[in-house]
Structure formats: C-alpha cells, structure tokens
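[1] below are the sequence and a predicted model for it; my questions follow.
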Amino acid sequence: MTHRHYSLLFSKALLDAIPYGLLVTDGELRIIHANRWLTERLGIEPLAVASCPLNEAFPELPERGLLGAYDVVRNTGQPLTLSARLNHYFLRMLPRNGSGLAEMPQVATLVPFFEGSHLTGLLTVIQDATDGVIAEHELLAEITKLSALHEIDRAMTTLDLQACLQIIVTRTRALFNADSAALMMVEGSALRLVAADGVHGEVDKLSIPLGSGLTGWAAANRQPVVVPDVQLDSRYIAVDSATRAEMVALLMMRDECIGVLNIESALVNAFAPDSLELLQTFAARAAAAIYNARLYGEVRSANERLDILVRAARLLSAQLAAQPLLDSVVALVAEVFAADRVTFTRLDRAAGVFRVAADYGASDFTRRELWMPAPPDPEAIAHFGHAHVIPDVQEAALSGGNLAEVIAYEDLRSVLYIGVFIRKQLVGGINIYSVGQSRDFTPAERELLEALATQLSLALENAELYAEQQQLAVTDGLTGLANRRQFDAELARELDRAARFGHVTSLIMLEIVNFKHYNDHYGHQAGDEMLKAIAAVMRRDVRAIDVPARYGGEEMAIILPETPPAAAFDAGERLRRQVAALYGAGIPAPATVSVGVATAPEHGDTPATLIQSADAALYEAKHSGKNQVSLHQLQ
C-alpha cells in the first residue's frame, strides 16, 4: 500500500481527532504517521519520527521484546492485542494526573492491512488503560483487606492474646505498607507497648504518658488521628527520628479507651485520611481480642463458658454468608443458655422496624408477624449496648409494634436481650426467652451474651463486606446489570435446569442503534447515561426470575426462563418501544435498539448455540432496517 493510499484512508486531521493513540506503519515497519494524542503524550514532533523505522523511533520496543508482536501479526495476518496486565504499557508515557501510577498503563492492538494477499501496512492502536488498572488495584485492595480481617478473626479463636495481638500488628503493618506498627495498652496514667512490628529499641520498656505525643493525645481525648507530616504537628514527640507520617486508632471497650493501635511511615502523606476507618477496624479486632482474654482471666474456672466462646468464634469465622451465620448463632445460643425461645431481630432501616431474621423454637406466627419499632433516639439506642433482663415481660406490659400480642400468643415470660452493632450502628438484637414461667438470668449469663454479641458484630461486618465483594464480582459497574461472567453462568445454569425439567428458555439480545455515532456526537458521558437509562428500563420491565445483563459494549441481553418464542418476542417488542420512549427524558436524541430473540431448545440447546441463534436474529434485525425485533428462523 503506497503513502498515497494511506492518505486516502487516514487523513491527518481525522487521525489527530481520535482520543487514543494511532501509529501507522508500512509493511516494513517504517512510520507513516503518529497521531496527535500519541505525539503529545510522548513529547515528540510528528515529523521527527516520520519515515523512521519503528525500532529506531522507539528503541524501547526491541529492548522489551515487543517488536516480536509485529512479526506475529505479519506472519499470521491476524490482529493481536497486548494487554496492560502482561506488558503494563506499550510506549512509556506519563501517567494520568491523580492516578498515583508510575506511568500510563496501555492496551495496544496491532492490525494488519492487505492489498489482496500482500501485507502493505499495520495500524497500532494504543489506549489508556488507567481506569481498568485502578479498578483492579481497588478490588485487590478490598480482597487483601478481607483476607487480613479473616486471618485476624481466625487468630482470635485461639484466645492466645499475645499471639493474636502480634498477628494484628504484623498484618496492620503489611496492609498499610508502614515502617512500624505498635499496639499500646492503657495502664494507669500511661500507655505501655504490648505488641509491635518494626519498632526498634527496648520495646518492652516503651511507655508514653497519657496526653503526651500523638498516641497519648489520641487516648486521652478518645479521638483517632491521622497526621500527614508529624514534623508539622506540635503534639508529636520523636520516638523514631525517621518518622514523618503517623496514624492512631483507638481500642474501645464499653465506651472506654483501653489502648491504641499506631502505625508510622518515613514518607510524608503515607496514609490517606480514609485509611483511618480501616485501621479503626483492626483496632476493634484488638479490643475484642483483649476483651475475650480478660473475660477468660476473670472466669478461668468456668471452662464451659470458655468452650462456648471458642465454639462461637470458630463457628462465626467459618461463615461468610449472613443468613447461615445468624441461623448458627441462634442455635448455639439456644443450646448454651438452654433457652425455650431465641430470636435474632434485624433492623429494617427503610421501614424503621425490627423483624425476625433467625430463630430457635419460635412459631410461624412470630416469624411472620412480629415487628417492633426502632429506638427513637440515641439514648434509647445506647441502651442496647449492654445485656438487660426483664424478669416478667407480661407484668412489664411491654408495648411497641405487636410485641404484646406475640408475648401473649407465645406465653413468653423472662427475656435476656442485647443489641448487635456494626460500626456503632444498631443492626439487630439477640433475645433469649423463657416460656410459661419466669427465669433468673445471672450476671455471668449477661456477660456471656455480651461476649457473643461482640463476636457476632464482627462476623456480620465480615459477612457484609463479603456480600459487597460478591456483588461487585458479578455486577457491571456502570449499569448495575449482571456482568458477562454472571450472564454466562446464569445462562448455563438455566439451560441445564430447562433440560432437566423439559422447559423452554428464551434469550433476548439487543444492541443500541448507532451508539458509536451517539458517543462521538454527544460525548461518552451522555453515552453512559443512555446505557444506564436502558438498563433501568430492562430492570423495570423484567420478571423476578429473568436475568438482565450487559453482554458487552452497547450490547445487552435478557435470559427469560420458561418463556416461549412468541412471549419472548412480545417482551423484546415491549422493551424496544420503552427504549424509544426515553427520548426527551434526559436523553438528548432518539434512542433505539435492534433486538434478536431465540428460544432453547428449538434454536439451540447449549449456551453457545442459543447465543449464536439470538445473535443471528439480532443481525437480521439490524440489517432489515434496525429499531425492530427479529425472532430467529431455522434454516
């Protein structure tokens, strides 16, 4: 292909307007043109590399072995993509401002051009992969955090206080990439070091008066603190002259500061302000470990009670899903307290009421009907922070919701109860009832319930974090629909179920008409808003058993279990009309979709064949005028 031919295909103005890097070479890898996006980020003049061999213009390519990719493309005649995950970048460029990366991560695609069977040139497309890399880093950070929290919770099951505290400081230092981590306990009017990692000197003798230094100030004022540069903070007392950044979290037990968890770094601004919440989570683990250990010391002779705490800790650390966790807890509590009835009532914040989430021995009426209003003020909420006993609930004439009705129906008498909190927010309560006659709950039983509630709080927090990560793993971040991975899994599962029970399953594939033109004309943000609007229509229009998903780019899909072809066609047509009606409701131009419909087993009995049939129907819809629905027709 001659330079003249290239000029016909790629005008300089067009290439320079494209918002990613384009590098055009001839078949011998001599540079014909590098567009403005690329030259500006490389800091070079376009004419400086024109007609240069690729290896001379960019010597880093042969140095890093990337010229071999061009040989593969020239030999096979097929495009080749070089991912950011394997190569990190194609050509070294400065990172995007605020990304925190050393250089811009990139995805490069090498595309060959032919005249007949003769290779005449190659186009290299270089795209900024910063968003994907940052998202991957954030997900990895969340997984690392969950792993650290889970390891600490498992360490707590041993009730070996020193080993547990050492794991906490070691994992804390590693997670925050700190130079040192230390855990200090309040003893009288000073803080004494009890566990450390990376702290130099005679650590067993280290003691800091309350109110002195950042750690002493935080403990005395019951206020966690993060300091970007300690040399600019008058509260700092130099224990290690290399320290520049410091962060201090509090160990709290029953509204009392019993110690601090402290990390230090030699780098200024080493810790982000939002990192303090995570450090406080680790401190809460340390406080819980200390609480369990103190409880162990105070009731050393009560071996049965200690066995219960160990069993509870092991049980809770083995569960990551909330409902099985709650079911296990109420069963354990019923066994340990020899209770007639146990309920865990969970707060429905939207409705402002407590309802039964798990129970032992309760009637269907109680499970279905019991509701109690949420505490009306902070003072009432604080009441649930400790275990309380009502000797006779019938004489107490309790009111609120339909509790009095349930008490009479179940013939409930005495109750021992406590609230369960996550990050200081009341989320539910454990209630232990006697039936038919009153029961004297002892102070030891109250303390035991408080210990179990503390364990349950930590386990529920882990379960929430786990559920969030599970949801992120199967959800498209922009539209909130199922992502491609979840779509593939759901389709395979549904087709297997349909085959076993002799049902049909339909699949709708839809594509936004002229979406690239819409993006180019109105901008990618407007394109994102259109995708979200169409996703909202899909969620609103489908049944609970249907699975709407983002298949990729501007393509979306809906799995319709037990839906014959005609009904699936009607669903596709209804969806098409509703999308067309979006114009004027925040969508600056008419939005239309082409829709393809196929049904298993008639049009395919495997995920691959059903997708192929639905895609063929979509192709027919697009090439028959677009903005219409096509049902796959067997040849």
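    Now that the structure is in, tell me what you want to look at.

[2] use CA for all of it now, contacts and neighbours both
    OK.

[3] and the average pLDDT for the helix or strand hosting Met247 is what?
    Met247 is located in strand 245-253, with elements delineated by DSSP states H and E. With pLDDT averaged residue by residue, strand 245-253 scores 91.

[4] could you list the buried residues of it?
    Judged by neighbour count using 16 or more other C-alpha atoms under 10 Å, the buried positions of strand 245-253 are Ala245, Glu246, Met247, Val248, Ala249, Leu250, Leu251, Met252.

[5] ok, the first one - contacts?
    In other words, Ala245. Residues counted as contacts of Ala245 (C-alpha atoms under 8 Å, 6 or more residues apart in numbering) are 226-230, 264-271.

[6] the bottom helix or strand of the chain by mean pLDDT?
    Least confident helix or strand of the chain, by mean pLDDT, DSSP states H and E, is helix 3-9 with a mean of 48.

[7] toward the C-terminus, what is the element adjacent to that helix?
    Using DSSP H and E, the helix or strand that follows helix 3-9 towards the C-terminus is helix 12-17.

[8] check which helices and strands the host helix or strand of Asp71 sits against.
    Per DSSP H and E: Asp71 is located in helix 67-76. Contacts defined by 3 or more C-alpha pairs under 8 Å, 6 or more residues apart in numbering; DSSP states H and E place helix 67-76 against strand 106-115.

[9] ok, Arg222 to Val194 distance?
    19 Å (C-alpha to C-alpha, to the nearest Å).

[10] and if you look at Gly625?
    In terms of C-alpha to C-alpha, Gly625 sits 75 Å off from Val194.

[11] which one's more surrounded, the two?
    For Gly625 versus Val194, neighbours defined as other C-alpha atoms under 10 Å are more numerous around Val194 (18 against 9).

[12] helix, strand, or coil at that one?
    Under DSSP: H, G, I helix; E, B strand; the rest coil, Val194 falls in the strand class.

[13] surely it touches Val186?
    No: judged on C-alpha atoms under 8 Å, Val194 makes no contact with Val186 at a distance of 10.1 Å.

[14] now do the longest helix seen in the chain: which elements does it pack against?
    What stands out as the longest helix in the chain, according to DSSP state H, is helix 443-474. Other helices and strands packing on helix 443-474, by 3+ C-alpha pairs under 8 Å, 6+ apart, are helix 130-156, helix 275-298, helix 303-317, helix 322-336, strand 412-422, helix 484-501.

[15] other SSEs contacting the helix or strand hosting Ile559?
    For Ile559, the enclosing helix or strand under DSSP H and E is strand 555-561. Helices and strands touching strand 555-561, as assessed by 3+ C-alpha pairs under 8 Å, 6+ apart, comprise helix 484-501, strand 505-512, strand 547-552.

[16] just put these in TSV and tack on distance to Leu119.
    Formatted as TSV, those follow (distance: least, C-alpha to C-alpha, whole Å):
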stretch	distance to Leu119
helix 484-501	35
strand 505-512	33
strand 547-552	31
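
[17] the ones you listed: which one's closest to Gly121?
    strand 547-552 (29.5 Å; C-alpha to C-alpha).

[18] buried residues in that closest one?
    Those buried within strand 547-552 under the rule 16+ other C-alpha under 10 Å are Val547, Pro548, Ala549, Arg550, Tyr551.

[19] what does stretch 512-525 give?
    In stretch 512-525, counting by 16+ other C-alpha under 10 Å, buried: Ile512, Val513, Phe515, Tyr518.

[20] please look at the first one and Ala591 and confirm they touch.
    Yes: with contacts defined as C-alpha under 8 Å, Ile512 counts as touching Ala591 at a distance of 7.4 Å.

[21] for Gly572, what are its contacts?
    Ile508, Val595, Gly596, Val597, Val629.

[22] which one of these sits closest to Pro391?
    Closest to Pro391, out of all of the contacts of Gly572 and judged by C-alpha to C-alpha, is Ile508, at 60.9 Å.

[23] surely that closest one touches Pro561?
    No: the criterion here is C-alpha under 8 Å, and Ile508 misses it with Pro561 at 11.2 Å.

[24] between the two, which one's more packed in?
    More crowded of Ile508 and Pro561, by other C-alpha under 10 Å: Ile508, with 27 against 23.

[25] tell me the bridge partners for that one.
    Here Ile508 sits in beta bridges with Ile558, Val597, as judged by DSSP bridges.

[26] show me what contacts it?
    By C-alpha under 8 Å, 6+ apart, the residues touching Ile508 are Ala557, Ile558, Ile559, Leu560, Ala568, Gly572, Val595, Gly596, Val597, Ala598, Ala614.

[27] now do 6 Å
    Ala557, Ile558, Gly596, Val597 (C-alpha atoms under 6 Å, 6 or more residues apart in numbering).

[28] farthest-separated two in the buried residues of strand 547-552?
    Maximum pairwise distance among those (C-alpha to C-alpha): 11.5 Å, between Val547 and Tyr551.

[29] joint contacts of the two?
    By C-alpha under 6 Å, 6+ apart, no residue touches both Val547 and Tyr551.

[30] what's the neighbour count on the closest residue to Asp546 other than its chain neighbours?
    When the adjacent residues along the chain are set aside, Asp546 lies closest to Leu560, with 5.0 Å between them (C-alpha to C-alpha, 6 or more residues apart in numbering). The tally of other residues near Leu560 (other C-alpha under 10 Å) stands at 24.

[31] I figured Leu560 hits Ser506, correct?
    Yes: counting by C-alpha atoms under 6 Å, Leu560 touches Ser506, with 5.0 Å between them.

[32] next one, pLDDT for the residue nearest to Tyr360 when sequence neighbours are not counted please.
    Nearest non-adjacent residue to Tyr360, counting by C-alpha to C-alpha, 6+ apart: Val342, 5.0 Å away. Note on Val342: pLDDT of 92.
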